[in-house]
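Visitor: Curious how this folds, go ahead:
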Amino acid sequence: MDWTAKRIGALIAYWDRGLSASEIGRRLSVTKNAVIGKVHRIGLQKRDSPIVRKDRRADVVKLENLKSGMCSWPEGDPGTEAFRFCGKSVAPDKPYCPEHCDRAYNTTVKKRKRAAA
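Guide: All right, here's what the predicted structure looks like:
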């Protein structure tokens with residue numbers, strides 16, 4: 001994939017309009033990472049991340065606090081003080097919350113269904 005002057009012009013216009021890197025990538029038929037890389041290389045103004053992260057320090061679930069019905073997905077390095085478990089409510093008949101079930105039980109059948117949709 002070549003970044004022609006026309007494609008760079010479109011990238012700049014989309015970026016200035018505030019489109020996400022993913023949307024720009026779709027419109028230019030490139031990946032989000034290709035868009036981000038080019039944005040950095042040509043020095044376009046950085047934007048704040050749209051991802052809002054919750055401060056998780058307030059709800060740390062250590063092993064001794066983990067109870068039945070709480071997601072047991074481990075987070076962090078087990079050798080550090082910051083190691084914890086997710087602690088959200090589990091999905092029915094699973095040890096993890098729905099979000100972590102999606103990560104833990106990523107099957108080929110699920111991938112085929114997504115591709116077909």
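
Visitor: which stretches of the protein aren't confidently modelled?
Guide: 53-58, 108-113 (pLDDT under 70).

Visitor: Please enumerate the strands of it.
Guide: 74-75, 84-85 (DSSP state E).

Visitor: Mean neighbour count, the ones you listed: which tops it?
Guide: Neighbour counts (mean count of other Cβ atoms under 10 Å) averaged over each of these peak at strand 84-85, with a mean of 20. Yep, even glycine has a C-beta here, placed from its N, CA and C like the rest.

Visitor: List of residues touching it?
Guide: Applying Cβ atoms under 8 Å, 6 or more residues apart in numbering, the contact partners of strand 84-85 are 56, 60-63, 66, 70-76.

Visitor: can you do 6 Å?
Guide: Applying Cβ atoms under 6 Å, 6 or more residues apart in numbering, the contact partners of strand 84-85 are 60, 61, 66, 72, 74, 75.

Visitor: So in terms of bridging, what pairs with the second one?
Guide: Pointing back at residue 61 there. Legend: beta-bridge partners of residue 61 under DSSP bridges are residue 85.

Visitor: From residue 99, how far out is it?
Guide: 15 Å (Cβ to Cβ, to the nearest Å).

Visitor: More neighbours: which of these two?
Guide: residue 61 (19 against 13; other Cβ atoms under 10 Å).

Visitor: show me what contacts that one?
Guide: Per Cβ under 6 Å, 6+ apart, neighbours of residue 61: 84, 85, 87.

Visitor: State the distance from the second one to residue 105.
Guide: Distance check for residue 85 against residue 105: by Cβ to Cβ, it reads 18 Å.

Visitor: The last one too?
Guide: In this structure, residue 87 and residue 105 are separated by 19 Å, where distance is defined by Cβ to Cβ.

Visitor: out of those two, which sits in the busier spot?
Guide: residue 87 (21 against 11).

Visitor: Test my guess that the more buried one contacts residue 69.
Guide: No: judged on Cβ atoms under 6 Å, residue 87 makes no contact with residue 69 at a distance of 10.0 Å.
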